[in-house]
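Asks: How does the following fold in three dimensions:
(6 chains)
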There are 4 protein chains.
Amino acid sequence: MGDISKKDRIITAALKLFSENGYHKTTVSQIANQAEVAKGTVYWYFDSKKELFQAIILTGIQRLASKIENRIKEEDDIIEKIKLIVMIYLEFFDKGRQYFRMFQEGMLAVIDDNFKNKLMDFRTKQAEFIAKIIEQGKKEEKIRLDVDSKDMAYLLLTMLTSFNSHLHYDNDFNIISKKDTIINIFLQGISR
Amino acid sequence: MGDISKKDRIITAALKLFSENGYHKTTVSQIANQAEVAKGTVYWYFDSKKELFQAIILTGIQRLASKIENRIKEEDDIIEKIKLIVMIYLEFFDKGRQYFRMFQEGMLAVIDDNFKNKLMDFRTKQAEFIAKIIEQGKKEEKIRLDVDSKDMAYLLLTMLTSFNSHLHYDNDFNIISKKDTIINIFLQGISR
Amino acid sequence: MGDISKKDRIITAALKLFSENGYHKTTVSQIANQAEVAKGTVYWYFDSKKELFQAIILTGIQRLASKIENRIKEEDDIIEKIKLIVMIYLEFFDKGRQYFRMFQEGMLAVIDDNFKNKLMDFRTKQAEFIAKIIEQGKKEEKIRLDVDSKDMAYLLLTMLTSFNSHLHYDNDFNIISKKDTIINIFLQGISR
Amino acid sequence: MGDISKKDRIITAALKLFSENGYHKTTVSQIANQAEVAKGTVYWYFDSKKELFQAIILTGIQRLASKIENRIKEEDDIIEKIKLIVMIYLEFFDKGRQYFRMFQEGMLAVIDDNFKNKLMDFRTKQAEFIAKIIEQGKKEEKIRLDVDSKDMAYLLLTMLTSFNSHLHYDNDFNIISKKDTIINIFLQGISR
DNA sequence: CATGAATGAGACTTCATTCAT
DNA sequence: CATGAATGAAGTCTCATTCAT
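Replies: The predicted model follows:
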């Protein structure tokens, strides 16, 4: 049938509810309701609430990663590449505000070694990806040489992933509207 | 007696447990146990688990604020003042790693309008405090004039408060050891 | 299976315990125990202890109502109809002594607008039902005309529903054994 | 001092709160607050919440009894005496609506053999008191002889004490406004 | 695959009562 | 007499998870 699979309906429902109300305030019943499946069905596709949550996080992160890699190819200039990364992250956070809100709240409840490793893997790959770009920038003499590329990459990544933190509590601080200031300051900071 | 008051014992115990295990995994029974008081005693001093949590957050924030204001007075040079702010924040996060871990996880469960307002008040005051310093830096021609002081202040504040976010999940990324890089990049970014 | 449904077992258990020990002294655990179901099962069928109580009251009231309406049809004589109503009520109270004991004790804890309305509806319908009979009695010149039918109906209803009040505290006063006296006095009072 | 004694303040506060919110919803803390004494003070004057409640009930009942006995003396005519009793009861209930609401709700929580006996004593005395009046009415040939005086007395008493039951749940049924109907029906019923 | 009734451990909270001061 | 901090038993309710159908 042209029906959306029940598994997909569950994921969509869970994403909506987790991000609106957080991991702890969301119950499996609510998810099942919203997805219009029986509670047991949720457990057919996912071993536990925790695993469902982890799956959603991982999916989101992978989407972000591939979006960045695809769009970055189309740009040649190193500085523009960095601008692009910053923008994609910021946009992603802005659109996925709720998405990352849930990330922070649920993490502690959900984390285990296996999941931690997956996150670290992703992070490491992202950092290496950015570090290569910065390295290239150094070769092109557009970025100053006195800072370690990997350090810079991690710093940028940390800044970006963490910027989102306060979006939730601080509605007045609109990151997107300030994105030029952010890019401006960061770039001036790393440029020769 | 030289005894520590029971209220203090409760706060200490709660801080320890909340920060080690998060808001949701910590039970009021555990707190009472750890503090060596009866469960009811917790409720004599705090109306609810939520209120206890809020009280701890607020106390921590206020301590940070007064530490900054006191130490900043002793420094004259504008650039050094900014460096100091960055350092105090980073040190605070590093020492209070657990402290802020609990902050993020518990927030969603605990937030209400009253509490939100208190947090906003704190943030606004901090931003104004930093903005004044930057303004002074502009007068002294040490900081570029083309960016709004308040924007810059908020940006710095957001960067700082949010940097802490990933400390928890990313044990390899030691912020303190990178603090010079951070300060360096930020300052080059905002200097003329 | 010939099994009684768990919901019914819960209701039966609750009725027994509420009426024996009152609303407040009865715990949900006791009810679950008595019904031989898990505590959670009680909450699967009823949202709260309060709602379970309300359901039981309402069920009882409805049974009384339909019993009266069915039996009254079989009787033609107006005076006999009234006698019958009085008797059914008194019998109901006597058999359901405990039933109404619980009614009084739990009421204050359980009452809310919605529930109040349901009770009022029932009462209004009963009064109208009785008023019609009295009205008919007037036409047949068996009942005196100088008292309002509805007033009389309400008075009878109030007398009847409230007679039960003191059964609990006054074991010596056996209503059933006095029912002829009661009917006698009431009827002679309202007869021409 | 011209001060009202603390004991009296406690009783007044308890009466107010018990009758407004019922026995179970009233806490000892609330009573202490309302009376402006410390919680411990309540326990200096009363061994328990239960005993405080019993004391209040007993006081109220005694007041009703003496009011009736005093006023009845002033009336000579037997029929008028009975009317008076009915009226005093109904008025008492009407004024003390809340008072008796609390009576019903708290009773089950508070009853013990000792207390039960005290209530029975009161009831017996009241019944005997009324029975004597009826007996006198028989002698004066104003009341029919075919019903036992004590039965009649108990019936009247039960009717009266129980009429109050539904005042609480049925605000539309104003007993006082119907008191003539009640007296009328009762009296005509028992008169020759 | 799918359902949803059933489970039960455990969480938060209340509050009558006590007792050292 | 009076206080109020402290106690802890007990109660209501939630919800992730299971399993017979």
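Asks: So which residues of chain A form helices?
Replies: A:6-25, A:28-35, A:39-45, A:49-73, A:78-95, A:97-110, A:113-139, A:149-163, A:179-190 (DSSP state H).
Asks: Now do the contacts for the most centrally placed residue in chain A.
Replies: Nearest to the mean C-alpha position of chain A, by C-alpha atoms, centre = their mean, lies residue A:61 at 4.9 Å. Counting by C-beta atoms under 8 Å, 6 or more residues apart in numbering or on different chains, residue A:61 touches A:119, A:122. Bear in mind the C-beta positions are built from the backbone N, C-alpha and C, glycine included.
Asks: Thought residue A:17 was touching residue A:34, still the case?
Replies: Yes - if you go by C-beta atoms under 8 Å, residue A:34 and residue A:17 touch, sitting 6.1 Å apart.
Asks: what does chain A put close to DNA strand F?
Replies: Within chain A, the residues that sit near DNA strand F (C-beta under 7 Å from any atom of the strand) are A:25-29, A:39-40, A:43, A:48-50.
Asks: tell me the two of those that are most distant?
Replies: Using C-beta to C-beta, the pair of those lying farthest apart is A:25 and A:40, separated by 22.0 Å.
Asks: Quick check on the two: which one has the bigger neighbour count.
Replies: Neighbour count, other C-beta atoms under 10 Å in any protein chain shown: between residue A:25 and residue A:40, residue A:25 has more, with 13 against 9.
Asks: Show me which of the residues of chain A next to DNA strand F are buried.
Replies: A:26, A:28, A:49-50 (16 or more other C-beta atoms under 10 Å in any protein chain shown).
Asks: would you turn those into JSON lines with pLDDT?
Replies: JSON lines is the format used below for those (pLDDT from 0 to 100):
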{"residue": "A:26", "pLDDT": "94"}
{"residue": "A:28", "pLDDT": "96"}
{"residue": "A:49", "pLDDT": "94"}
{"residue": "A:50", "pLDDT": "93"}
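Asks: closest to residue A:184 among these?
Replies: Of all those, residue A:184 sits closest to residue A:26, with 39.0 Å by C-beta to C-beta.
Asks: and the spatially closest residue to the closest one that is not a sequence neighbour, how many residues sit next to it?
Replies: Leaving out its chain neighbours, the residue that sits closest to residue A:26 by C-beta to C-beta, 6 or more residues apart in numbering or on different chains is residue A:17, at 4.4 Å. Residues lying near residue A:17 (other C-beta under 10 Å) number 21.
Asks: Now do the contacts for residue A:17.
Replies: Taking C-beta under 8 Å, 6+ apart, we find residue A:17 in contact with A:26, A:30-31, A:34.
Asks: next one: residue A:185
Replies: Applying C-beta under 8 Å, 6+ apart, we find residue A:185 in contact with B:147, B:152, B:155, B:186, B:189-190.
Asks: Residue A:13 contacts residue A:41, correct?
Replies: No - contact criterion C-beta under 8 Å: residue A:13 and residue A:41 do not qualify, at 11.3 Å.
Asks: Looking only at neighbour counts, state which of the two leads.
Replies: The neighbour comparison of residue A:13 against residue A:41 (other C-beta under 10 Å) goes to residue A:13, with 20 against 16.
Asks: per-residue confidence for residue A:168?
Replies: At residue A:168, the model reports a pLDDT of 50.
Asks: for residue A:159, same thing?
Replies: According to the prediction, residue A:159 has pLDDT 70.
Asks: So, low pLDDT: which residues of chain A?
Replies: A:1-3, A:94-98, A:100-101, A:161-178, A:190-192 (pLDDT under 70).
Asks: Quick one: neighbours of residue A:62, just the number.
Replies: Neighbour count for residue A:62, taken as other C-beta under 10 Å: 11.
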